[in-house]
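Engineer: Give me coordinates for this.
(2 chains)
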2 protein chains.
Amino acid sequence: MADFDLMRQLQNKNTTKIVQMVMDGLGGLPQQAMGEHQGKTELEAAATPNLDALAARSQLGLAVPVAPGVTPGSGPAHLSLFGYDPLKYDIGRGVLEALGIGFELQPDDVAARGNFCTVDDEGLITDRRAGRIPTEFNEKLVALLREVELSGIRTFVETVKEYRFVLVLRPTMGQTLHANIADTDPQRLGVPPLPAEAQDEESLATAQLANQWIGAAREILKDHHPANSLNLRGFAKDPGLPRFPEVFGLRSAAIATYPMYKGVARLVGMDVLPVHGEAVEDEVEALRAHWDHYDYFFFHVKKTDSAGEDGDFQRKVDVIAHVDEAVVPAILELEPDVLIVTGDHSTPAALRSHSWHPVPTLLWSRYCRPDGVATFGERACGRGSLGTFPATDELPLALGHALRLGKYGA
Amino acid sequence: MADFDLMRQLQNKNTTKIVQMVMDGLGGLPQQAMGEHQGKTELEAAATPNLDALAARSQLGLAVPVAPGVTPGSGPAHLSLFGYDPLKYDIGRGVLEALGIGFELQPDDVAARGNFCTVDDEGLITDRRAGRIPTEFNEKLVALLREVELSGIRTFVETVKEYRFVLVLRPTMGQTLHANIADTDPQRLGVPPLPAEAQDEESLATAQLANQWIGAAREILKDHHPANSLNLRGFAKDPGLPRFPEVFGLRSAAIATYPMYKGVARLVGMDVLPVHGEAVEDEVEALRAHWDHYDYFFFHVKKTDSAGEDGDFQRKVDVIAHVDEAVVPAILELEPDVLIVTGDHSTPAALRSHSWHPVPTLLWSRYCRPDGVATFGERACGRGSLGTFPATDELPLALGHALRLGKYGA
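Structural biologist: Numbering: from 1, shown residues only, chains lettered A, B, ... in the order given. Down below sits the predicted model:
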């Protein structure tokens, strides 16, 4: 990972601009029987004249998000791109779930993932996901659960989707909550839910509050079969991550349309810029509008990942081609000093899921040594001079190329 | 970094010879408008038939001196080439400054960098560099400062250049000095110099000695405007580094013409060989003369870096071509078992300074797997099978290729 003390020690302030464009799930795999795309990955198959021209002036490589062979979730994958070792800095599941729905978590909050479930007359679990109830039913139940009151605590209950919701406990009287609390979900059928059990002394009071809430909530749910009970999992607090702007000495802004990515950026202390719409063109507009006020921009593109998750090779190809046309020239027009094009992880359509494959990455600056490979794709990046490298190196490299790191030692 | 315990455990003695040729600041950047050199780095532009032929039989790669994006000073960069993690092993500034002028520091000495400065009638600093006085004036002042006496301490005051000098305190009565002492330079104007303040209990006595010396020295300087005061910075002692010959099991010799590099080699315990002249041919002569008596030679070429620092692309090209002609065949004639050609860092003429770019590196032994690339340059190395690798790996690799490391485990 980036050596944060070293970054703090060496950081230079100047007027350079860094853009890190993250195409979510960018990396792919060749797919069988794709006709004209035979043997090519999504990125290789896409028409990307602008990225190819940029690649010819850039250094290429393959970024490893977490560790070789390890498939990352979105939270860890983004931490890594921001220079944080995701094996060292852990964002708890409850916090990630809250971020994923755009909940503005405060540092003292405790968040947990909630699952509606089905229990029988004896209170034994018969379906851990309550028959995957429709989201509308979830919303109705959540409205009821908001009635539960705890002394000295403000509670938030928010629908995620189907059987999933988020519970947030916020202290209102200056007390400190602690989140080292075990899941109530026994992870099997035919047994009752567990109590919320504190895993250390200081979490005892919070576990008691959680159990009070669970008791009242189950009372409310008992006649709402199949969602006649619930479990809480992944109790967590804001992990208090080192502040990205302070570590790297960058006025830092995030441009994203999905809550999860805005949330992770907010957790590390970036400003999240308003984007007026869901399209990449709207994100470009936000970049232009705020160009003068920041040194670093995290620019997130979601739809590459969505297409990969849907197993839709051609749609992913089309998204990449659209980014090449609608985003890349617009960013270059702003004349950044360093431009990185990368992804948080691979999402090959062939796998319909995140994968462990390292991620094609391009770094351009006027001080880079171009590899002289005039195409941006997995194979080209596999031969690039950045090599197969930890994604956590991207920020230190960007700072170097932006002349923002002083000399180490004399 | 090299795992020193592992190296100690596995080291085999045999009669093989290893040469690590370090062209200082070797790595470069393409420069605009260079006519025939358009788009080429200094190394790529240089005529290097001997290195190219060697490259065809070698493995290539790019060495990272300290960390991605981080520009190293000469001290840390050389430690790294010698297998020492420069983020773990720190040579203090005072020690580096003393080494840089060829001062033979002893283990009990405390060294500090000194700056002459200008103060006004109220003792407030008006120029931290005393108007960059000429070196001759510095030498005159240093002669005066040598008169200052401290009880039980031998003091050395040595000119560096312009406003810079070195102060060394050497205990003469068996006492131990400590160097955890803050700089006296407040790093801004309009305030008086700070006292030399101990940062821990055990440095109190040494700080007191420093303050005595400073008081007497300022009294001597007070009528020598603009150098009418001084500051001391970077108090440091020999860091007591692990001994290179013992760690790697190598009778080790350094061949260099500049004091800094001899000094760092001496700090890790290498023998510094006499070189009768400043030219690379003189260094080759020293290599020949001592060939039979050592297992490992650190062979340093300075002028690549000097040309880069001067921003002189063509001169750097010429130096490289000269080394190719005058040094490479001469080394090969001696039939080393392992030859590494590398640099301590990059010094692109385009930047006129050290830079963070990884360093083109070639490893030849009769047991290497040649990459089959018949050119030695940044791009060729970017595609090489050594990859982009930590410079601290060079020594362990050299030992392996010299059959000097036994099997690990059964």
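Engineer: Counting neighbours, what do you get for residue A:368?
Structural biologist: By the criterion of other CB atoms under 10 Å in any protein chain shown, residue A:368 has 21 neighbours. (Each C-beta comes from the backbone N, C-alpha and C, glycine too.)
Engineer: before we move on, which element is it in?
Structural biologist: Using DSSP states H and E, residue A:368 falls within no helix or strand.
Engineer: so how many other residues sit close to the residue nearest to it when sequence neighbours are not counted?
Structural biologist: In space, residue A:368 comes closest to residue A:59 once its chain neighbours are excluded; the distance is 4.9 Å by CB to CB, 6 or more residues apart in numbering or on different chains. Residue A:59 has 25 neighbours, counted by other CB under 10 Å.
Engineer: Need phi/psi at residue A:59.
Structural biologist: phi -100, psi 140 (degrees, to the nearest 10).
Engineer: Specify the beta-bridge partners of it.
Structural biologist: Assessed by DSSP bridges, residue A:59 has beta-bridge partners residue A:363.
Engineer: check contacts around it.
Structural biologist: Shown in contact with residue A:59 (CB atoms under 8 Å, 6 or more residues apart in numbering or on different chains): A:362, A:363, A:364, A:368, A:369, A:370, A:371, A:384, A:385, A:386, B:382.
Engineer: try 6 Å
Structural biologist: With contact set as CB atoms under 6 Å, 6 or more residues apart in numbering or on different chains, residue A:59 has these partners: A:363, A:368, A:371, A:385, A:386.
Engineer: residues near the residue of the stretch 151-300 of chain A found nearest chain B, how many?
Structural biologist: Closest contact between the stretch 151-300 of chain A and chain B, by CB to the nearest CB, is at residue A:248 (10.5 Å). Using other CB under 10 Å, residue A:248 has 26 other residues around it.
Engineer: Touching, residue A:22 and residue A:300? I think so.
Structural biologist: Yes - checked against CB atoms under 6 Å, the pair residue A:22 and residue A:300 is within contact range at 5.1 Å.
Engineer: Going along the chain, name the strands of the stretch 201-350 of chain A.
Structural biologist: Ranges of strands within the stretch 201-350 of chain A are A:229-236, A:252-255, A:271-272, A:296-301, A:338-342, based on DSSP state E, counting those that start in this stretch.
Engineer: From the contact counts, what lies against the longest one?
Structural biologist: For strand A:229-236, the helices and strands in contact under the criterion 3 or more CB pairs under 6 Å, 6 or more residues apart in numbering or on different chains; DSSP states H and E are helix A:93-100, strand A:110-119.
Engineer: For the top helix by length along chain A, the averaged confidence score.
Structural biologist: Of all the segments of type helix in chain A, defined by DSSP state H, the longest one is helix A:204-221. The pLDDT scores in helix A:204-221 average 97.
Engineer: chain center to that helix, what's the gap?
Structural biologist: Between the centre of helix A:204-221 and the centre of its chain there are 30 Å (CA atoms, centre = their mean, to the nearest Å).
Engineer: Tell me which residues are up against that helix.
Structural biologist: A:144-145, A:148, A:150, A:153, A:177-178, A:181, A:195-196, A:198, A:228-229.
Engineer: how about the residues of chain A that lie near chain B?
Structural biologist: A:369, A:371, A:385, A:387, A:393, A:396-397, A:399-400, A:405, A:407-410 (CB under 6 Å from any CB of the partner chain).
Engineer: Taking the residues you listed together, which two end up most distant?
Structural biologist: A:371 and A:410 (32.2 Å; CB to CB).
Engineer: end to end, how far does stretch A:4-19 reach?
Structural biologist: Taking CA to CA, to the nearest Å, stretch A:4-19 runs 20 Å from one end to the other.
Engineer: buried set for that stretch?
Structural biologist: Residues of stretch A:4-19 classed as buried by neighbour count (16 or more other CB atoms under 10 Å in any protein chain shown): A:4, A:6, A:7, A:10, A:11, A:16, A:17, A:18, A:19.
Engineer: Now do it: everything it contacts.
Structural biologist: Applying CB under 6 Å, 6+ apart, the external contacts of stretch A:4-19 come out as A:242, A:247-249, A:296-297, A:299, A:331, A:336-339, A:398, A:402, A:404-406.
Engineer: Likewise for stretch A:241-256?
Structural biologist: So stretch A:241-256 is contacted by A:4, A:7, A:11, A:82, A:89, A:262, A:265, A:267-273, A:283, A:286-287, A:290, A:294-300 (CB under 6 Å, 6+ apart).
Engineer: List buried members of those residues by neighbour count.
Structural biologist: Buried members of those, scored by 16+ other CB under 10 Å, are A:4, A:7, A:11, A:82, A:89, A:262, A:265, A:267-268, A:270, A:272-273, A:283, A:286-287, A:294-300.
Engineer: Sort out for me which of those are in helices.
Structural biologist: A:4, A:7, A:262, A:265, A:267, A:283, A:286, A:287.
Engineer: Of those residues, just say which sits nearest to residue B:102.
Structural biologist: Relative to residue B:102, the closest of these is residue A:7; by CB to CB it sits at 34.2 Å.
Engineer: for stretch A:122-130, what is the average pLDDT?
Structural biologist: So the average pLDDT for stretch A:122-130 ends up being 96.
Engineer: Tabulate the CA atom coordinates of that stretch in CSV.
Structural biologist: Only the C-alpha atoms of stretch A:122-130 are listed here, as CSV (Å, rounded to 0.1, in the frame of the first residue of the first chain):
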residue,chain,number,x,y,z
GLU,A,122,-41.9,-22.1,17.7
GLY,A,123,-39.7,-19.2,16.6
LEU,A,124,-37.4,-21.4,14.5
ILE,A,125,-36.2,-20.0,11.3
THR,A,126,-37.7,-21.6,8.1
ASP,A,127,-36.5,-19.0,5.5
ARG,A,128,-33.5,-16.7,6.1
ARG,A,129,-34.7,-14.4,3.4
ALA,A,130,-38.4,-14.3,4.0
